[in-house]
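Engineer: Compute the structure for the input listed below.
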Amino acid sequence: MGETKTIYLEKFLLILAVFFTYMFSVTALSYAPYYTYTLGVGYNIVRIQDAFEPFEKLVFDTSSISDIFWKDGMLYIADTQNARIEVIELESDNSSQTYIGEGTLMNPEGIFVDESGNVYVADSWSQSVYKFSSTGELLLTITKPESPIFGKSNDFIPLKVAVDKRGNIYVICQGVTNGLAVFNREGRFLSFFGANSPKVTLRMILQRMIFSESQKAQLLKIRPPSPTSLTIDNVNAVWTVTQGLKEDAIKRFNVSGVNIYPLLAVSSEHFVDIDVDGFGNVYTLATNGVIYVYDLLGNLVFIFGGQSFYENRLGLFRSPAAITVTKDGNILVLDKEDGTVTVMKPTAFGKLVLKGVYYYNQGMYLQSESIWREVKRTNSAFVLTYRVLGNVEFKKENYSKAFEYFKLARDTKGYSDAFWYIRNQWLQRIIGPIFILLVILAVFDLIKTILIRQGIIKKMKKERKIRKNIITQQIKYIWLFVRNPFDAVYEMKRHDRVSWISGIIMYLLLYLENILIRLIGSPLFFGFEAKKIDFFGLFADTYRLFFLFILANFLVSEISEGEGRFKDIFIGTIASFLPYLVFSVPLALLTNLLTLNESFIYTFGMQIVWAWSFVLLLIVIAQVHNFSFGETLKNLLLTVFAMILITILIVIISILVKEEISFFTSIFEELIFRAKSR
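Structural biologist: Got it, this is the predicted structure:
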């Protein structure tokens, strides 16, 4: 009996050991020192399963590497310490190392390998771009162009280089903001390509408005930032990434040098490198060690990675500088501080999603259905899933399901297309009953008319008793601003027909209507986030221009001998926008019956409303102040100028107040610190 218990105990311990061994092995295999995120439903960042896991860290006989490049199983390393390019065969059991550029290179910064295996190196110290054969033979040297197009003031300090299939060489030069310097296969300078646009801030505009010419001369010229890195994909498209930009940090250029990559919903200002795999997926590396993966259409797929200064953990970086992607989907990340390269392999989930993304980008929605159904089963928060499934259901002509999927994905085009078919189906079902109902009503009215004429029934007369009070009278006079603004202003000025209360009610009505419009309007016209109302922000957006206009117009009119009182300007301004108060809500309701193809109906309607309101404002201002047409235009221009000056004054005062608060706060903190130190 004791032996039996011992056997059972040993079996139990064995099973327990196997179980824990399995659990720990799974944990070890799936462990990553970071979380993976994506864009979820509601366009919020959500955590998902790991898409890439750190596999190994490659250590080399150098402490300074500036760039890496992968091509056909070979890893190319720009070894700045030893001034050479190191070529390592990774996909072979007998890994070999060869060196290129020894004795020629001084400080290789960027590296690129073309389809023929030729190696292009951007060397900043020698101020040259070199082309080597696969065996290390120097084939071409490019130095500073003598072309006047390049500019005598521009230095030629190459940092990054890439080559397209036609042999054109693209170079990022330090300090050159004109874009990429383009050379032909013989090394002759052609032109600049793919420049960034300068960013003009409100502060720059205000400085140039109020500064003197001597002060303007001391300001730095507004120049666009220079690209940080570049690459060229399988279809010969040039890609750049620019540190310091955000929504348009990644650019994909067509042959004309125009960016055709959409603005990013989720991005970073700290991108330092970019690479594109064979399926068109875009991999970008930020200075904080975070890797962003996008598809060919600009949709965010994954965010993962991180930075660690205090511990050496596989998968975290200290000073990430370059990224490259292998043919089988592995990611290689260079840590410049350690001089190491981390290899990250896709998980089963990552491979599944990237495969589905490829089918989606190719328009193969039905072929990818099973993949995205599986993705949805494993993680229902993946917003890209609903966009793809919306297209799948649309192809199957299940428009109601497609409509719901597109709504979750906030895909405006898909939402509009699905709604068009749903509306057509609804009209086909309802047009018959509506026609029958109209016929019945017409017959009923005809019978009623015949009976009335023959005296069988008498026509009923309704007597309406209208109670006259102050509110109804003021509403009548307010409506007069639309029918006859000249008489309305006269009644307001001479007989005080409209009170302060009526004016305040109209202003409050404007705010309430702006809330209602966002609640009842179609997401196609007001956005999917319209119902998430920031009441305070909407209050400020509704009234700031109104009150600024009223104050500025009153001050200008006082100087220019206008006759209008503040009350007249206050009430007359909001009364001028009665067309908006009357028609904005019906037009917002109308948007629920429109698709993007009929958006001109809403747009044209609102243009009429705004034009009507502006004409009324022009008439009201002229009548309130007793101005001629020319004096009214002059008054409005001066009012706009006064609005700008008041805005500048408010900004300056807010900055000064902020600085004063910061000053006194620092003094208070210093006093507390000294008191504690005693």
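Engineer: Any buried residues in stretch 368-386, and which?
Structural biologist: Judged by neighbour count (16 or more other CB atoms under 10 Å), stretch 368-386 contains these buried residues: 368-369, 371-372, 375, 379, 381-386. Every C-beta, even on glycine, is put in place using the N, C-alpha and C of the backbone.
Engineer: and those as JSON lines, adding secondary structure, distance to Ser557 and pLDDT?
Structural biologist: Output for the buried residues of stretch 368-386, formatted as JSON lines (DSSP: H, G, I helix; E, B strand; the rest coil; distance: CB to CB, whole Å; pLDDT from 0 to 100):
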{"residue": "Ser368", "secondary structure": "coil", "distance to Ser557": "65", "pLDDT": "87"}
{"residue": "Glu369", "secondary structure": "helix", "distance to Ser557": "67", "pLDDT": "89"}
{"residue": "Ile371", "secondary structure": "helix", "distance to Ser557": "67", "pLDDT": "91"}
{"residue": "Trp372", "secondary structure": "helix", "distance to Ser557": "63", "pLDDT": "90"}
{"residue": "Val375", "secondary structure": "helix", "distance to Ser557": "64", "pLDDT": "89"}
{"residue": "Asn379", "secondary structure": "coil", "distance to Ser557": "62", "pLDDT": "84"}
{"residue": "Ala381", "secondary structure": "coil", "distance to Ser557": "57", "pLDDT": "83"}
{"residue": "Phe382", "secondary structure": "strand", "distance to Ser557": "59", "pLDDT": "85"}
{"residue": "Val383", "secondary structure": "helix", "distance to Ser557": "53", "pLDDT": "88"}
{"residue": "Leu384", "secondary structure": "helix", "distance to Ser557": "56", "pLDDT": "88"}
{"residue": "Thr385", "secondary structure": "helix", "distance to Ser557": "59", "pLDDT": "90"}
{"residue": "Tyr386", "secondary structure": "helix", "distance to Ser557": "55", "pLDDT": "91"}
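Engineer: From those residues, pick the one nearest Tyr120.
Structural biologist: Leu384 (35.5 Å; CB to CB).
Engineer: Just give the closest residue to the closest one, not the sequence neighbours.
Structural biologist: Computed as CB to CB, 6 or more residues apart in numbering, the closest residue to Leu384 that is not its neighbour in sequence is Asn299, at 5.6 Å.
Engineer: elements contacting the helix or strand hosting Leu555?
Structural biologist: Using DSSP states H and E, Leu555 sits within helix 535-559. Judged by 3 or more CB pairs under 8 Å, 6 or more residues apart in numbering; DSSP states H and E, helix 535-559 is in contact with helix 500-520, helix 566-576, helix 629-677.
Engineer: how about these, which one is nearest Leu438?
Structural biologist: Leu438 lies closest to helix 500-520 among these, at 27.2 Å (CB to CB).
Engineer: So which residues make contact with the closest one?
Structural biologist: For helix 500-520, the external contacting residues (CB atoms under 8 Å, 6 or more residues apart in numbering) are 474-475, 478, 526, 530-531, 533, 535, 538-539, 542-543, 546, 567, 570-571, 574-575, 577-578, 580-581, 584-585, 588-589, 592.
Engineer: chain center to the helix or strand where Gln607 lies, what's the gap?
Structural biologist: In the assignment (DSSP H and E), Gln607 maps to helix 599-625. Its chain's average C-alpha position is 32 Å from that of helix 599-625, according to CA atoms, centre = their mean, to the nearest Å.
Engineer: any idea of the mean pLDDT in it?
Structural biologist: Averaged across helix 599-625, pLDDT comes to 89.
Engineer: how much does it deviate in direction from helix 566-576?
Structural biologist: 160 degrees (axes from the mean of the first three to the mean of the last three CA atoms, to 10 degrees).
Engineer: List the buried residues in helix 599-625.
Structural biologist: Residues 602, 605-606, 609, 612-613, 616-625 are the ones in helix 599-625 that count as buried (16+ other CB under 10 Å).
Engineer: now that helix and helix 629-677, what's the angle there?
Structural biologist: 100 degrees.
Engineer: got the angle for helix 599-625 vs helix 535-559?
Structural biologist: Using the same axes, to 10 degrees: helix 599-625 against helix 535-559 is 40 degrees.
Engineer: for helix 599-625, packing partners?
Structural biologist: helix 470-483, helix 485-495, helix 523-526, helix 566-576, helix 578-590, helix 629-677.
Engineer: looking at the ones you listed, which is closest to Glu115?
Structural biologist: Closest approach to Glu115 among these is made by helix 523-526 (45.1 Å; CB to CB).
Engineer: So what touches that closest one?
Structural biologist: The contact list for helix 523-526 (CB under 8 Å, 6+ apart) reads 407, 410, 412, 415-416, 419, 517-518, 530, 588, 591, 594-596, 599, 602.
Engineer: 6 Å instead?
Structural biologist: Applying CB atoms under 6 Å, 6 or more residues apart in numbering, the contact partners of helix 523-526 are 412, 416, 518, 591, 596, 602.
Engineer: Same list, these, but as a markdown table with distance to Ser126 please.
Structural biologist: Converted to a markdown table, the contacts of helix 523-526 look like this (distance: CB to CB, whole Å):
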| residue | distance to Ser126 |
| --- | --- |
| Thr412 | 52 |
| Ser416 | 56 |
| Arg518 | 60 |
| Thr591 | 62 |
| Leu596 | 55 |
| Tyr602 | 61 |
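Engineer: Tell me the buried residues within the residues you listed.
Structural biologist: 416, 518, 591, 596, 602.
Engineer: Arrange those residues in JSON lines, one row each, with distance to Ser308 as further columns.
Structural biologist: Shown next, in JSON lines, are the buried ones among the contacts of helix 523-526 (distance: CB to CB, whole Å):
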{"residue": "Ser416", "distance to Ser308": "46"}
{"residue": "Arg518", "distance to Ser308": "44"}
{"residue": "Thr591", "distance to Ser308": "50"}
{"residue": "Leu596", "distance to Ser308": "47"}
{"residue": "Tyr602", "distance to Ser308": "52"}
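Engineer: From the buried residues of helix 599-625, pick the one nearest Thr449.
Structural biologist: For the buried residues of helix 599-625, the nearest to Thr449 is Gly605 (36.4 Å; CB to CB).
Engineer: Surely the closest one is in contact with Val585?
Structural biologist: No - between Gly605 and Val585 there is no contact under CB atoms under 6 Å: 11.9 Å.
Engineer: ok, Thr665 - how many residues close by?
Structural biologist: Neighbour count for Thr665, taken as other CB atoms under 10 Å: 10.
Engineer: Distance of it relative to Asp61?
Structural biologist: Going from Thr665 to Asp61 by CB to CB, to the nearest Å gives 53 Å.
Engineer: Next: Asn484.
Structural biologist: 90 Å.
Engineer: same thing with Phe536?
Structural biologist: Distance from Phe536 to Asp61, by CB to CB: 61 Å.
Engineer: Check what pLDDT Glu269 gets.
Structural biologist: At Glu269, pLDDT is 93.
Engineer: In terms of pLDDT, where does the residue nearest to Leu263 when sequence neighbours are not counted sit?
Structural biologist: Nearest residue to Leu263, sequence neighbours excluded (CB to CB, 6+ apart): Glu247, at 4.3 Å. At Glu247 the predicted local confidence, pLDDT, stands at 87.
Engineer: again with Thr573
Structural biologist: 86.
Engineer: Give me the neighbour count for it.
Structural biologist: 22.
Engineer: Now do the contacts for it.
Structural biologist: Listed by CB under 6 Å, 6+ apart, the contact partners of Thr573 are Ile550.
Engineer: Over to Ile571?
Structural biologist: Ile571 makes contacts with 498, 503, as judged by CB under 6 Å, 6+ apart.
Engineer: measure it to Ile533 for me?
Structural biologist: In terms of CB to CB, Ile571 sits 27 Å off from Ile533.
Engineer: Glu337 now?
Structural biologist: 47 Å.
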